[in-house]
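Novice: from the sequence below, what's the structure:
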Amino acid sequence: MKNRLTVILLFISLIARGQDSLKYFNSMRYQITKTGMTVLGSWAIANIGVGAAGWGGSKGGQNKYFYQMTTFWGAANLGAAILGYTGNKNKQLSAPETLKAQRKIQKIFLINGGLDLAYIGAGIYLNHRGITHGSAQLKGYGTALLPQGLFLLLFDGTMYATHRSNGNKLRRFFEKNPISFNGREIGMSISLSN
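Specialist: Numbers count the residues shown, from 1 in each chain. A predicted model of the protein is given here:
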């Protein structure tokens, strides 16, 4: 009887530790994303301010279009930051839900990194077309896309790397702690061979 009680108490303590650890990993994902959306939102507000001031103060030509596009990108980035910030919930998730959420956030920033390369390529293309066709609008828009794409590539790359690091710690935790609890069921993996 004493041995059973010891095993049960040990099992309960491992499950409690697992739940605390899941809470920690979910909290880390939430904090990383929240911080990132604050950085993106700050960049967006700076772009809107600088872009609007430059657009309003320009006398036309390439500068007008550079600042115009900077303003538009600032607004788009602000919208993305607000959606990311408000959609980012710090919820208690089960082990499978935690892994799914972790994979999802990593995939989002990896895909965004690919899009950022497309923005940079589009900026180079528009700038080149503006030069060859004598279009101040294309040259201004293309020139504005380059710093936007470069910032977003740096931002998304940093976010991906940070989330991936958190995800790697989570996966190592699951490898070392094969006990799971989803609120209704308890699971335990036992290796029968080395």
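Novice: what's the spacing between stretch 140-147 and its chain's center?
Specialist: The gap between where stretch 140-147 is centred and where its chain is centred comes out at 24 Å by C-alpha atoms, centre = their mean, to the nearest Å.
Novice: extract the CA atoms of it and return them as CSV.
Specialist: C-alpha atoms of stretch 140-147 as CSV (Å, rounded to 0.1, in the frame of the first residue of the first chain):
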residue,chain,number,x,y,z
GLY,A,140,10.2,56.1,-55.6
TYR,A,141,8.1,53.0,-54.9
GLY,A,142,11.0,50.7,-55.6
THR,A,143,13.4,52.6,-53.4
ALA,A,144,10.8,52.6,-50.6
LEU,A,145,10.3,48.9,-50.8
LEU,A,146,14.0,48.1,-50.2
PRO,A,147,14.3,49.3,-46.5
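Novice: next, the buried residues of it.
Specialist: Judged by neighbour count using 16 or more other C-beta atoms under 10 Å, the buried positions of stretch 140-147 are 140, 141, 142, 143, 144, 145, 146. No exception for glycine: its C-beta is placed from N, CA and C like everyone else's.
Novice: now stretch 148-163
Specialist: When burial is assessed from 16+ other C-beta under 10 Å, stretch 148-163 yields the following buried residues: 148, 149, 151, 152, 153, 155, 156, 159, 160, 162, 163.
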